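Undergrad: this one's sequence-less:
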């Protein structure tokens, strides 16, 4: 039983599928006009060190749809690790709120919050991982392609936090995953090794865009310079230029391959307008599913049992 949502590597394949099934059910209920209040009276603290559109809106909206309330905590006010230690922030928040969502630079910050807080902690993005995004991506991919088995996802670009969480997903769910990137931009080698050791499908890294996209059912890309790498933008643009996803690139994949992007997109850089705006693009389905996938995570972690305890409090022996 998982009590925080920090990394997909910490979940089993069955647990991931349960979250996806719940996300599908919550999406269907919302579209049918059904809104229960399973988290009525509960509060989610949202910590942001990075700018946000999708994360802020979907968590705050999702918490409201579940009957709860969300509080925005800007890093300029709390200054994690500067004004106050991360463990002390965790020990304070656990006395007032029912869950913590954190979008931070350092992955260790989220890990520490989860270690010291007796309430659930959700990783909404760190420089290392982005599990919420991949859960929403997987929901969208399953909606368009069905079961994951025998599917191939080709991620074209930097081996960043999004790619790392895709590696973790592929380690737990049987599908084929290939990172197509310039030499030297593969990302964390331990993440790749973990996926290749644990995964049931073919897990690969390729520097050849034609070989990497062969037989791909989904072509995924992301910005070439992530938040915090702005000074590298010009240099990265030159290195990644041959890996732009355009009409020629998409033609290397299967004829019915979908295009995916976690957004925001730098149009004209990693992807062209003709691709992201094409009928093959499911980027806004992915974005929509951030709401439903994250509601599934919040509901799973924060819902209380007959004794008024969430699963983390139950595991730790009470409040």
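TA: Cool, the structure landed. Please read all numbers here as calculations on a predicted model, not as lab measurements.
Undergrad: How about the residue nearest to the spatial centre of the chain: what's its closest non-neighbour residue?
TA: For the chain, the residue nearest the mean C-alpha position is residue 133 (2.3 Å; Cα atoms, centre = their mean). Nearest residue to residue 133, sequence neighbours excluded (Cβ to Cβ, 6 or more residues apart in numbering): residue 262, at 5.0 Å. The C-beta positions use only the backbone N, C-alpha and C, and glycine is treated the same way.
Undergrad: Now do the contacts for that neighbour.
TA: Residue 262 is in contact with 130, 133, 137, 162, 222, 286, counting by Cβ atoms under 8 Å, 6 or more residues apart in numbering.
Undergrad: now residue 59
TA: By Cβ under 8 Å, 6+ apart, the neighbours of residue 59 are 44, 46, 70, 101, 124, 294, 298.
Undergrad: Just the residues you listed: which are in helices?
TA: If you go by DSSP state H, the contacts of residue 59 have 294, 298 in helices.
Undergrad: circling back to that earlier point, let's see the pLDDT reported for the residue nearest to residue 133.
TA: Listed pLDDT for residue 262 reads 97.
Undergrad: Then residue 35?
TA: For residue 35, the predicted pLDDT is 86.
Undergrad: same deal with residue 228?
TA: At residue 228, pLDDT is 62.
Undergrad: From the structure, what's the count of residues near the residue nearest to residue 17 when sequence neighbours are not counted?
TA: Distance criterion Cβ to Cβ, 6+ apart; nearest residue to residue 17, sequence neighbours excluded, is residue 173 at 7.4 Å. Other residues near residue 173 come to 24 when the count uses other Cβ atoms under 10 Å.
Undergrad: picking that back up, okay, the contacts of residue 59 in JSON lines with distance to residue 13, pLDDT and neighbour count next?
TA: Output for the contacts of residue 59, formatted as JSON lines (distance: Cβ to Cβ, whole Å; pLDDT from 0 to 100; neighbours: other Cβ atoms under 10 Å):
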{"residue": "44", "distance to residue 13": "27", "pLDDT": "98", "neighbour count": "26"}
{"residue": "46", "distance to residue 13": "29", "pLDDT": "97", "neighbour count": "23"}
{"residue": "70", "distance to residue 13": "30", "pLDDT": "98", "neighbour count": "20"}
{"residue": "101", "distance to residue 13": "24", "pLDDT": "98", "neighbour count": "29"}
{"residue": "124", "distance to residue 13": "23", "pLDDT": "98", "neighbour count": "29"}
{"residue": "294", "distance to residue 13": "20", "pLDDT": "98", "neighbour count": "28"}
{"residue": "298", "distance to residue 13": "21", "pLDDT": "98", "neighbour count": "27"}
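Undergrad: before we move on, back to that, between the contacts of residue 262, which is closest to residue 148?
TA: residue 137 (11.4 Å; Cβ to Cβ).
Undergrad: ok, the closest one touching residue 260?
TA: Yes - counting by Cβ atoms under 8 Å, residue 260 is a contact partner of residue 137 at 6.3 Å.
Undergrad: Give me the common contacts of the two.
TA: Common neighbours of residue 137 and residue 260 (criterion: Cβ under 8 Å, 6+ apart): 220, 286.
Undergrad: Looking at those two, which is more packed in?
TA: residue 137 (29 against 26).
Undergrad: OK, contacts around the more buried one?
TA: 166, 220, 260, 262, 286, 289.
Undergrad: TSV please, covering those and showing secondary structure and distance to residue 247.
TA: Output for the contacts of residue 137, formatted as TSV (DSSP: H, G, I helix; E, B strand; the rest coil; distance: Cβ to Cβ, whole Å):
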residue	secondary structure	distance to residue 247
166	helix	24
220	strand	16
260	strand	16
262	coil	21
286	helix	21
289	helix	26
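Undergrad: between the residues you listed, which is closest to residue 249?
TA: residue 220 (11.6 Å).
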